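[1] sequence-free structure coming up:
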């Protein structure tokens, strides 16, 4: 009987130690569960922020694409304007040449008129 009582006491002591270890493990597990919940919440927050950032990147990409189209159109307009300026410059040069020729004819005609008037005056 004494041996059984000793064995029983030993088993009760082991059981008490096991219960204490179980409580420690449950406390540790509760801490881990709390940490996992906090990590999950942070992951959801980061996922939301990433989705927002991706939306902004898509918006900026669209704006960049629109700007590139606008730049291409402006470049085309500029090229057209440059062609027009060249044409206007050519017209100005042509008209300037024609004006010089016309002035030369006017001077010649003026000289001929003066000679004709002098000849008429001398004849009278």
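    Here it is on my side, so go on. Just so you know, these numbers come straight off a predicted model, no measurement behind them.
[2] tell me the SS of residue 13?
    Put simply, residue 13 is helix when judged by DSSP: H, G, I helix; E, B strand; the rest coil.
[3] Check the gap between residue 54 and residue 44 for me.
    15 Å (CB to CB, to the nearest Å). Using the backbone N, CA and C atoms, a C-beta is placed for each residue, glycine as well.
[4] now swap in residue 53 and tell me
    From residue 53 across to residue 44, the span is 15 Å (CB to CB).
[5] Residue 91 too?
    From residue 91 across to residue 44, the span is 70 Å (CB to CB).
[6] Any idea how many residues pack against residue 98?
    Residue 98 is flanked by 10 other residues according to other CB atoms under 10 Å.
[7] and it, what element?
    helix 2-123 (DSSP states H and E).
[8] Quick one: distance of that helix to the chain centre.
    0 Å (CA atoms, centre = their mean, to the nearest Å).
[9] Tell me which residue lies nearest the centroid of the chain.
    residue 64 (4.1 Å; CA atoms, centre = their mean).
[10] Show the pLDDT at that one.
    In this model, residue 64 is scored at 98, pLDDT.
[11] repeat for the one 5 residues further on
    pLDDT, residue 69: 97.
[12] roughly how far apart are it and residue 56?
    Noted for residue 69: a distance of 20 Å to residue 56, by CB to CB.
[13] same thing with residue 82?
    Distance, residue 82 to residue 56, by CB to CB: 38 Å.
[14] and what of residue 90?
    Counting by CB to CB, the separation of residue 90 from residue 56 is 50 Å.
[15] what's the answer for residue 79, then?
    Applying CB to CB, the value for residue 79 to residue 56 is 34 Å.
[16] just checking, what packs against the helix holding residue 98?
    Helix 2-123 sits against no helix or strand, with contacts defined as 3 or more CB pairs under 8 Å, 6 or more residues apart in numbering; DSSP states H and E.
[17] Low-confidence stretches in the chain?
    Within the chain, not a single segment meets pLDDT under 70.
[18] Please repeat the previous calculation with a cut-off of 80.
    Scanning the chain for pLDDT under 80 picks out the ranges 124.
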